[in-house]
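A.B. asks: Structural data only, the sequence is not supplied:
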Ligand SMILES: Nc1ncnc2c1ncn2[C@@H]1O[C@H](COP(=O)(O)OP(=O)(O)OP(=O)(O)O)[C@@H](O)[C@H]1O
């Protein structure tokens with residue numbers, strides 16, 4: 001199967017990016033381009049540097065070396081952050097408020113008003129199957145429900161770029177499937193998605209994957225090409241192969 005040609009517009013460009021915290025190097029020489037309307041997955045074990053890279057891409061944190069451009073702007077840049085739907089790994093929710101109140105707050109932040117605001121809140125909550133729990137306080141939500149609410153918030157302003165850090169952790173397989181369907185529908189409308197995962201099955205749903213280990217990008221390609229080039233039969237085996245070659 002030949003891969004679908006990528007839209008050439010670069011939405012994210014990382015150029016020889018490095019990141020160190022005091023004297024600890026966490027990312028080394030990461031170069032990577034994410035094109036418009038693709039789903040790009042960052043796959044790597046716990047502690048490999050995925051969240052650190054995501055924070056650089058969103059502009060929450062700054063590179064130690066190299067450069068990141070997002071939607072044509074050198075990061076970090078506040079105006080670009082408003083064009084990104086960001087779902088952090090730990091849910092940034094006001095737990096003493098209801099889901100509705102949380103959504104209202106973020107909607108106001110994004111400048112969504114009036115009927116458009118109410119309609120969009122309902123739309124995104126239907127999408128994550130939480131529309132019947134709008135008035136429940138978030139401290140009464142389960143872990144999976146909080147993840148889904150965080151995803152709804154990331155989608156609220158219909159941003160051109162979604163950056164999702166482990167979006168489906170704690171979400172049951174059926175709902176995970178429907179979330180993936182939605183992500184693919186957003187892709188089809190032109191939304192670019194970068195997400196992190198360590199679930200191999202999920203990685204195979206991405207258009208392209210970046211395999212990351214010990215802060216280095218080992219390989220970038222379509223899941224199928226990564227498997228074929230490594231002469232393996234699964235993403236998991238390919239990952240072990242590329243990791244082994246590097247070390
Ligand atoms: N602020 C910080 N100061 C010092 N070290 C940090 C900081 N943030 C992250 N690190 C270190 O950077 C490394 C990569 O962490 P990171 O959270 O990016 O990994 P990850 O791939 O996202 O892992 P996980 O899948 O568990 O979330 C870890 O060794 C972590 O301890």
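C.D. replies: Noted; the coordinates are in hand. The structure presented is a predicted model; accordingly, all values stated were derived computationally and were not measured. Numbers count the residues shown, from 1 in each chain.

A.B. asks: need the strands for this structure, in chain order.
C.D. replies: Under the criterion DSSP state E, strands of the chain are mapped to 10-21, 24-35, 39-43, 65-70, 73-74, 84-87, 161-165, 192-197, 208-213, 216-221.

A.B. asks: list the helices and strands the first one packs on?
C.D. replies: The elements that strand 10-21 packs onto, with contact taken as 3 or more C-beta pairs under 8 Å, 6 or more residues apart in numbering; DSSP states H and E, are strand 24-35, helix 50-58, strand 65-70, strand 192-197. Placement of C-beta: from N, CA and C, glycine included.

A.B. asks: in it, what counts as buried?
C.D. replies: By neighbour count on 16 or more other C-beta atoms under 10 Å, the buried set for strand 10-21 is 10, 11, 12, 13, 14, 17, 18, 19.

A.B. asks: re earlier: with mean pLDDT added, can I get the helices and strands packed on strand 10-21 in CSV?
C.D. replies: Converted to CSV, these look like this (pLDDT from 0 to 100):
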stretch, mean pLDDT
strand 24-35, 97
helix 50-58, 96
strand 65-70, 97
strand 192-197, 95
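
A.B. asks: Mind putting the ones you listed into JSON lines with distance to residue 234 and mean neighbour count?
C.D. replies: Conversion of the helices and strands packed on strand 10-21 to JSON lines gives the following (distance: least, C-beta to C-beta, whole Å; neighbours: other C-beta atoms under 10 Å):
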{"stretch": "strand 24-35", "distance to residue 234": "23", "mean neighbour count": "18"}
{"stretch": "helix 50-58", "distance to residue 234": "20", "mean neighbour count": "23"}
{"stretch": "strand 65-70", "distance to residue 234": "31", "mean neighbour count": "18"}
{"stretch": "strand 192-197", "distance to residue 234": "15", "mean neighbour count": "24"}
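
A.B. asks: For the protein, list the residues in contact with the ligand, please.
C.D. replies: Within the chain, the positions adjacent to the ligand are 21, 24, 26, 44, 46-52, 89, 198 by C-beta under 6 Å from any ligand atom.

A.B. asks: ok, 8 Å please
C.D. replies: 21-22, 24, 26-27, 44-55, 89, 165-166, 196, 198, 212, 215 (C-beta under 8 Å from any ligand atom).

A.B. asks: thinking again about what came up before, can you redo the helices and strands packed on strand 10-21 as a markdown table with distance to residue 136?
C.D. replies: Listed next are the helices and strands packed on strand 10-21 as a markdown table, based on distance: least, C-beta to C-beta, whole Å:
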| stretch | distance to residue 136 |
| --- | --- |
| strand 24-35 | 36 |
| helix 50-58 | 28 |
| strand 65-70 | 35 |
| strand 192-197 | 27 |
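
A.B. asks: what about residue 149, distance to residue 133?
C.D. replies: Using C-beta to C-beta, to the nearest Å, residue 149 is found at 9 Å from residue 133.

A.B. asks: Quick check: neighbours shared by the two?
C.D. replies: By C-beta atoms under 8 Å, 6 or more residues apart in numbering, residue 149 and residue 133 have these common neighbours: 99, 141.

A.B. asks: Same list (the buried residues of strand 10-21) but as TSV, adding distance to residue 158.
C.D. replies: TSV is the format used below for the buried residues of strand 10-21 (distance: C-beta to C-beta, whole Å):
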residue	distance to residue 158
10	21
11	15
12	18
13	23
14	25
17	28
18	33
19	30
